[in-house]
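Enquirer: got a predicted structure here, sequence first:
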Amino acid sequence: MKGEFFEKRPELNPELPKSVCVADDQSVGRIIDLENYPRRRVFDAFKDRDIPTYSITSLVNITDFKPFTKELGHGFFVPFSFLLSKAVNSIPEFRHRIVDGNIHEFERVHPGYTVLQQDRTFAFCSSLHFDEFTEYGHHAKEQIRRSQEHPICDTGVKHHMFFISNLPWVSFTAITHPFDHQSSSIPILSMGKYFSQGGQLLMPVGVQVNHALVDGIHLGDFYNLLNDFCANPSRSFS
C-alpha cells in the first residue's frame with residue numbers, strides 16, 4: 001500500500017467548499033464552520049497540545065532552476081522565495097490559521113524573510129505575495145533593502161503571513177524553530193545550502209507546521225508543487 005491510507009493520493013483541492021465558511025473578512029480571513037470541517041477530529045486531537053507543531057526536511061531538485069535564475073537578475077533567494085510563496089498559496093491548509101480557537105482561511109498569505117546584516121545579526125522583513133514575479137521580485141528587493149538599512153525584529157500578530165528562513169551555509173537534514181501558541185499555526189520554511197549529488201543540484205527545504213491544520217498529505221502536496229515549479233522554471237515564472 002502506498003502512502004498512509006490511499007493507493008493514490010486524492011487530488012489537491014484548490015479550496016474548501018463554500019458551505020464550510022461562515023464568514024469572509026480578509027483582514028482576519030474567513031472563519032471555517034467547524035461543524036462541517038472535514039478535519040474536525042484531527043483538529044481537536046492536536047489543537048491543545050503543548051507542542052502542536054512538527055517539521056520535515058526534504059531535498060528539492062534545483063538542477064534546472066538554478067541556471068534559470070541568471071535570466072531573472074535577482075540572485076537566488078528572491079526567485080526561490082517566489083516559488084515557495086506560490087506553493088504555500090496554492091494549498092488551502094497552508095493558509096489556515098488558528099485565531100481565538102477558530103480556524104481562519106486567508107485568501108492569500110504573504111512571506112516574511114530573515115535578512116542578514118553587516119554585523120552578522122539578522123532582521124525580520126515583511127513582504128507581499130504577487131502572482132507575477134516582476135512585481136514580486138521588485139517589491140521583495142525593496143523590502144530587503146529597507147530591512148538592511150533599518151533592521152528590526154518586530155513581533156506581534158502576523159496570521160496573514162508565513163516565514164522563510166535562509167541558511168545558505170548549512171546543508172541541514174532536520175530543523176525546528178521557536179514558536180508561541182499565538183503564532184504556532186504560521187508555517188515556517190527554511191532554505192539550506194545546495195549541493196551536487198548524482199548529477200543533480202539538491203537543496204534541503206524544511207517546513208514547520210501545526211498538525212491541527214496541516215497533515216502529511218498536505219506536505220506531500222507542497223513538496224510535489226515545489227519540485228514541479230523548479231523542474232519547469234520557464235512555466236513557473238511566465
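Expert: Alright, I've got the coordinates.
Enquirer: show me which parts of the host helix or strand of residue 141 are buried, residue by residue.
Expert: Counting by DSSP states H and E, the element that carries residue 141 is helix 133-149. Using 16 or more other Cβ atoms under 10 Å as the test for burial, helix 133-149 gives 133, 136, 137, 139, 140, 141, 143, 144, 147. Yep, even glycine has a C-beta here, placed from its N, CA and C like the rest.
Enquirer: what's the answer for stretch 109-122, then?
Expert: 109, 110, 111, 112, 113, 114, 115, 116, 122.
Enquirer: secondary structure and distance to residue 171 added to the residues you listed, as CSV?
Expert: What follows is these, written out as CSV (DSSP: H, G, I helix; E, B strand; the rest coil; distance: Cβ to Cβ, whole Å):
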residue, secondary structure, distance to residue 171
109, coil, 28
110, strand, 28
111, strand, 22
112, strand, 24
113, strand, 20
114, strand, 18
115, strand, 21
116, strand, 18
122, strand, 19
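Enquirer: most widely separated two among those?
Expert: Using Cβ to Cβ, the two most remote members of those are 109 and 116, lying 23.6 Å apart.
Enquirer: start to end distance for stretch 191-198?
Expert: One end of stretch 191-198 sits 21 Å from the other (Cα to Cα, to the nearest Å).
Enquirer: chain center to that stretch, what's the gap?
Expert: Computed by Cα atoms, centre = their mean, to the nearest Å, the chain-centroid distance of stretch 191-198 equals 20 Å.
Enquirer: who touches it?
Expert: When contacts are defined by Cβ atoms under 8 Å, 6 or more residues apart in numbering, stretch 191-198 is touched by residues 57, 62, 66, 77, 80-81, 84, 164-172, 175, 201-206.
Enquirer: then stretch 165-181?
Expert: Stretch 165-181 is contacted by residues 53, 55, 57, 77, 113-114, 116, 163, 186, 188-195, 204, 206, 208 when judged by Cβ under 8 Å, 6+ apart.
Enquirer: contacting residues around the nearest residue to residue 74 once chain neighbours are set aside?
Expert: Excluding the flanking residues, the one nearest residue 74 by Cβ to Cβ, 6 or more residues apart in numbering is residue 137, at 4.7 Å. Shown in contact with residue 137 (Cβ under 8 Å, 6+ apart): 72, 74, 78, 79, 82.
Enquirer: next, the residue nearest the centre of the chain: phi, psi?
Expert: For the chain, residue 88 is the residue whose C-alpha lies nearest the centre (Cα atoms, centre = their mean; 4.5 Å). For residue 88, the backbone dihedrals (degrees, to the nearest 10) come out as phi -60, psi -50.
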